[in-house]
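Asker: my questions are about this predicted structure, shown below with the sequence.
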Amino acid sequence: MKTTFLIPILLLTLISGFCSAQVENTKGKKQEHKLVCIGFYNFENLFDTLDTEGKRDEDFTPKGKLTYDARVYSEKLGNLSHVISELGTEMTPDGPAILGVAEIENRSVLEDFVKQPKVKNRNYQIVHYESLDKRGIDVGLLYNPKYFELLESGKITPKMFYDNKDKEGVERDTVWTRDMLWVKGKLDGETIYVIVCHWPSRRGGSFLREGAAKYCKDFIREIQKTNFNTKIIVMGDLNDDPTSPSVKNVIMAKGNKGQVKKGGFYNPWLNLYKKGIGTLAYRDSWNLFDQILMSYSLANKDDNGYYFYKNSIFNKSYLISKGGRFKGYPFRTYSFGKYVGGYSDHLPVCIYLIKKI
């Protein structure tokens, strides 16, 4: 007989380095579970201060129009590390075991980030690949080796073309966007794949994001050829909402777990989005671009491994602008070219997975 779990958290303790939660089922029986946090955060243009040849990073230099100097860079690192030091800690003291990030210039900025005093004790390890993005921004992944063992990693490079010619009849350039990063590893001994995405912006048209989503979907299908029940997480700044075609029709992520079939994906953010809750604001309305999707095998209760417990948008008051044109929006680093000392124009998100002990 299938048991439905209400899953209130009654007590949090530490067992063998993992956070433990006592979980109660519908019959009132308490069971001990391990709990881990997996997060994603758009770092909003975390550049170094150097002018790198071949990258459009001139604005993010001391002599650039943003006057992006060592002080700004240091303060931004400190701000971002403060956020990550608190993300997920209401459920587990170590915060995210795995953290995907977007809008980072290179590996060196992540190396500087993981050394920040507020997160250095987590010993975050880095996975990063340079992409062909013309702005010079990539995605990356950080993991805590206490929880996660890296086995393999690589990147997915979307290559897309505009469907029409320009006004002079000349074919437009190939559209290179950020690579997607993938890792395969052991989460507490259990095999899992994580794909980190930053799909094309809305300026280029929805077909670009749908194209990137197809590359992601093709990679997922290759994984599922060998094991249909492999646990897979797709996370990132998708530049689309849970109802957008790239998410709904290409990845085919559903907001109702009961509708997710084997091989499919669950999107726990749909209901929040329908309530007007989001991770970034534009023209006084909220979008929910920052999402963490999970395969059927993670979305549903697993008697032997990790499965989904809950999701959360981290929206502490200090992450929200208190005044100015962007009052009520996520507190960004710059406002109309002026440094205001914020965090990011996106809010971070996380999911919690639990596993019966």
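Answerer: The structure has been received and is ready for your questions.
Asker: strands of the stretch 151-300 of the chain, start to end?
Answerer: Using DSSP state E, counting those that start in this stretch, the strands of the stretch 151-300 of the chain run over 159-161, 174-176, 180-187, 190-198, 231-237, 253-254, 265-266, 280-282, 285-287, 290-295.
Asker: mind putting the ones you listed in a markdown table, distance to residue 351, mean pLDDT and mean neighbour count included?
Answerer: Yep, even glycine has a C-beta here, placed from its N, CA and C like the rest. Shown next, in a markdown table, are the strands of the stretch 151-300 of the chain (distance: least, C-beta to C-beta, whole Å; pLDDT from 0 to 100; neighbours: other C-beta atoms under 10 Å):
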| stretch | distance to residue 351 | mean pLDDT | mean neighbour count |
| --- | --- | --- | --- |
| strand 159-161 | 29 | 67 | 14 |
| strand 174-176 | 30 | 66 | 14 |
| strand 180-187 | 12 | 98 | 21 |
| strand 190-198 | 11 | 98 | 23 |
| strand 231-237 | 8 | 98 | 25 |
| strand 253-254 | 13 | 98 | 23 |
| strand 265-266 | 10 | 98 | 22 |
| strand 280-282 | 19 | 96 | 17 |
| strand 285-287 | 19 | 96 | 16 |
| strand 290-295 | 5 | 98 | 26 |
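Asker: a markdown table for those, including distance to residue 91?
Answerer: As requested, the strands of the stretch 151-300 of the chain are exported to a markdown table (distance: least, C-beta to C-beta, whole Å):
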| stretch | distance to residue 91 |
| --- | --- |
| strand 159-161 | 39 |
| strand 174-176 | 38 |
| strand 180-187 | 16 |
| strand 190-198 | 19 |
| strand 231-237 | 17 |
| strand 253-254 | 23 |
| strand 265-266 | 19 |
| strand 280-282 | 24 |
| strand 285-287 | 24 |
| strand 290-295 | 15 |
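Asker: buried ones in the lengthiest helix in the chain, by neighbour count?
Answerer: Longest helix of the chain, by residue count under DSSP state H: helix 206-226. Within helix 206-226, the residues scored as buried using 16 or more other C-beta atoms under 10 Å are 207-213, 215-217, 219-220, 223-224.
Asker: adding pLDDT and distance to residue 86, write these out as TSV.
Answerer: Formatted as TSV, these follow (pLDDT from 0 to 100; distance: C-beta to C-beta, whole Å):
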residue	pLDDT	distance to residue 86
207	89	38
208	90	34
209	94	31
210	95	35
211	93	36
212	94	31
213	96	31
215	96	34
216	97	30
217	97	34
219	97	32
220	98	32
223	96	33
224	95	35
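Asker: so which of the residues you listed comes closest to residue 240?
Answerer: Within these, proximity to residue 240 (C-beta to C-beta) peaks at residue 209, which comes in at 5.4 Å.
Asker: let me see the ranges of the strands in the stretch 1-150 of the chain.
Answerer: 5-15, 18-25, 30-46, 96-104, 125-128, 138-143, 148-156.
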